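Novice: whatever this is, show me its structure:
(one chain, ligands or ions: 1)
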Amino acid sequence: MKNKVAIIPGSFDPITNGHMDIIERSSKIFDEIIVAILVNPDKKYLFTLEERISMIENSLKELTGIDNVKVDTFSGLLVNYAKKVNSNIIIRGLRAVSDFEYEMQLTSMNKVLDDGIETFYMMTNTKYSFISSSIVKGVSGFGADLTKLVPKAVAEKLEKKLKEE
Ligand code: PNS
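Specialist: Next up is the predicted model:
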């Protein structure tokens, strides 16, 4: 049987418990998962690319019994990256109806660019449905307990980073 490689693309600035939920659940369905961080020099991120890679790698260590997830980066079109890694599967999380319009655009555009690409949506666990990287950044730096929102590996870094800002 062919190995089913699925890509979970995103900015991950930073990775949250919502992302981790999608990664963990999809790793049990597909043979290999690539968490692919978009490199976009025009966008301003809180964390550098290196910091985002290392936070995801350390967060993955917090998941037990999962060894089929790797971290990578890509620039340019996601469909081209998918070809490069021999995958035609994209996975995205859906939190609420408000995500739908943007996600539909993204999926439709990818389909126009490459008809062979299939996007699978997973409903985020309801306990994480309010979490986004932006909302997490909004409450960081004030000493709040972030561990319900982000992996431990991220909580510490986030608190430190926002204090520095
Ligand atoms: O975490 P995000 O920012 O919602 O992720 C968005 C991402 C990275 C999946 C999307 O912007 C993307 O795939 N960008 C690469 C450029 C591309 O392929 N664009 C066509 C689809 S709109």
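Novice: only C-alpha atoms for contact and neighbour calcs from this point on.
Specialist: OK.
Novice: pretty sure residue 141 sits in a strand.
Specialist: No. Residue 141 is assigned coil when assessed by DSSP: H, G, I helix; E, B strand; the rest coil, not a strand.
Novice: for this protein, give me the ranges with low pLDDT.
Specialist: For the chain, the stretches with pLDDT under 70 are 1.
Novice: can you list the residues of it near the ligand?
Specialist: Taking Cα under 6 Å from any ligand atom, the part of the chain that reaches the ligand is made up of 9-12, 38, 76-78, 106, 109-110.
Novice: I'd like the list of those that fall within helices, please.
Specialist: Members of the residues of the chain next to the ligand lying in helices (criterion: DSSP state H): 78, 106, 109-110.
Novice: thinking again about what came up before, any of the residues of the chain next to the ligand buried? List them.
Specialist: Among the residues of the chain next to the ligand, those classed as buried by 16 or more other Cα atoms under 10 Å are 9-12, 38, 78, 110.
Novice: the protein: helices as residue ranges?
Specialist: Per DSSP H, the chain carries helices over the ranges 17-27, 49-61, 78-84, 97-113, 133-139, 152-164.
Novice: let me know which of these is tucked in deepest.
Specialist: helix 17-27 (a mean of 20; mean count of other Cα atoms under 10 Å).
Novice: which helices and strands does it pack with?
Specialist: strand 32-38, strand 89-94 (3 or more Cα pairs under 8 Å, 6 or more residues apart in numbering; DSSP states H and E).
Novice: so of the ones you listed, which one's packed in deepest?
Specialist: Ranked by mean neighbours (mean count of other Cα under 10 Å), the helices and strands packed on helix 17-27 are led by strand 32-38, with a mean of 22.
Novice: follow-up on the earlier one: turn the helices and strands packed on helix 17-27 into JSON lines, including distance to residue 21.
Specialist: Formatted as JSON lines, those follow (distance: least, Cα to Cα, whole Å):
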{"stretch": "strand 32-38", "distance to residue 21": "13"}
{"stretch": "strand 89-94", "distance to residue 21": "9"}
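Novice: closest one to residue 161 among those?
Specialist: Among these, strand 32-38 comes nearest to residue 161, with 19.7 Å by Cα to Cα.
Novice: tell me the strands beside the closest one, with direction?
Specialist: Here strand 32-38 has these sheet partners by DSSP bridges: strand 5-10 (parallel), strand 69-74 (parallel).
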